[in-house]
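Q: Show me the folded form of this:
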Amino acid sequence: MLEKGKISAFQLGIMMYPNVSATAFLSLPTITAQYTKNDLWMSYILAALMGLIPIYLATRLHELFPKMTFIQYIEHIIGKIPGKILGMVYVLYFVHVGGVASRQYAEFVTGSFLFKTPILLIISSIILLSAFAVRGGVELLARSAVIVTPLFILPLFFLLLLIPDLDVKNMFPIFSHGITPIVKGTFQVYAAVSDMFMMAFFLPYLMDSEKGRK
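A: The predicted structure is shown next:
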């Protein structure tokens, strides 16, 4: 990634939301509903509120170490060796998440459009495109997100056509299975929302860093 690249707080926000929503749309509702049933909506609200925690932590650490990314300042906080270990664990975590997301999208594409295309070819194409984008630097990632994200979000407005078929009664009874399933579902959603902490890698490249938290 080009260290001289600069992005705006708006571009950072555009980059972060697809990172969370991609998983949220593909598999998260199904997984969470296994616990929460008709209380699924409550888990999303609670997870959204909890999602403010990683955002606050990332921006607060940026205020303390304004010129460093997470990998750099973690060594100053917990020590050089433990910092390198934690940084490596965090990087490997994103490698794992990237692999899972690539597989999910590939299965979606082959199951919906390219039925006879080998899934390995789809995954390889996703990874190759991602590699080119990362090679181009943070500005390329930000500008690509600004262009692609609206194309991803606009089709969701077609869901508004389903409003006449919605039945509010399906939300009741609330707490029909107690609070425990809702808590379990909340942590399932929060596992995806917590990825917002990834902004800690991009905050040093903001032109308007004071707007990062907003």
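Q: Could you tell me the end-to-end distance of stretch 149-158?
A: One end of stretch 149-158 sits 16 Å from the other (C-alpha to C-alpha, to the nearest Å).
Q: actually stretch 107-124, not the one I wrote
A: One end of stretch 107-124 sits 13 Å from the other (C-alpha to C-alpha).
Q: for this structure, which spans come out with low pLDDT?
A: The model of the chain has pLDDT under 70 over residues 1-3, 22-26.
Q: who are the neighbours of the lengthiest helix in it, in terms of helices and strands?
A: What stands out as the longest helix in the chain, according to DSSP state H, is helix 80-112. Packing partners of helix 80-112 (3 or more C-beta pairs under 8 Å, 6 or more residues apart in numbering; DSSP states H and E): helix 9-26, helix 70-78, helix 119-136. Placement of C-beta: from N, CA and C, glycine included.
Q: Redo the ones you listed as CSV? Include mean neighbour count and distance to residue 151.
A: Listed next are the helices and strands packed on helix 80-112 as CSV, based on neighbours: other C-beta atoms under 10 Å; distance: least, C-beta to C-beta, whole Å:
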stretch, mean neighbour count, distance to residue 151
helix 9-26, 17, 11
helix 70-78, 16, 30
helix 119-136, 13, 15
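Q: For those, give me JSON lines that also has distance to residue 111.
A: Converted to JSON lines, the helices and strands packed on helix 80-112 look like this (distance: least, C-beta to C-beta, whole Å):
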{"stretch": "helix 9-26", "distance to residue 111": "11"}
{"stretch": "helix 70-78", "distance to residue 111": "36"}
{"stretch": "helix 119-136", "distance to residue 111": "10"}
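Q: Which among the ones you listed is found nearest to residue 201?
A: helix 70-78 (6.0 Å; C-beta to C-beta).
Q: Report the angle between the closest one and helix 80-112.
A: 150 degrees (axes from the mean of the first three to the mean of the last three C-alpha atoms, to 10 degrees).
Q: can you list contacts of helix 70-78?
A: For helix 70-78, contacts defined as C-beta atoms under 8 Å, 6 or more residues apart in numbering pick out 58, 61, 64-65, 68, 83-84, 86-87, 90-91, 197, 200-201.
Q: ditto for stretch 112-127
A: With contact meaning C-beta under 8 Å, 6+ apart, stretch 112-127 is reached by 98, 102-103, 105-107, 109-110.
Q: Please apply the same query to stretch 134-142.
A: Residues contacting stretch 134-142 (C-beta under 8 Å, 6+ apart): 1-2, 5-8, 11-12, 14-15, 133, 202, 205.
Q: This completes my enquiry, with thanks.
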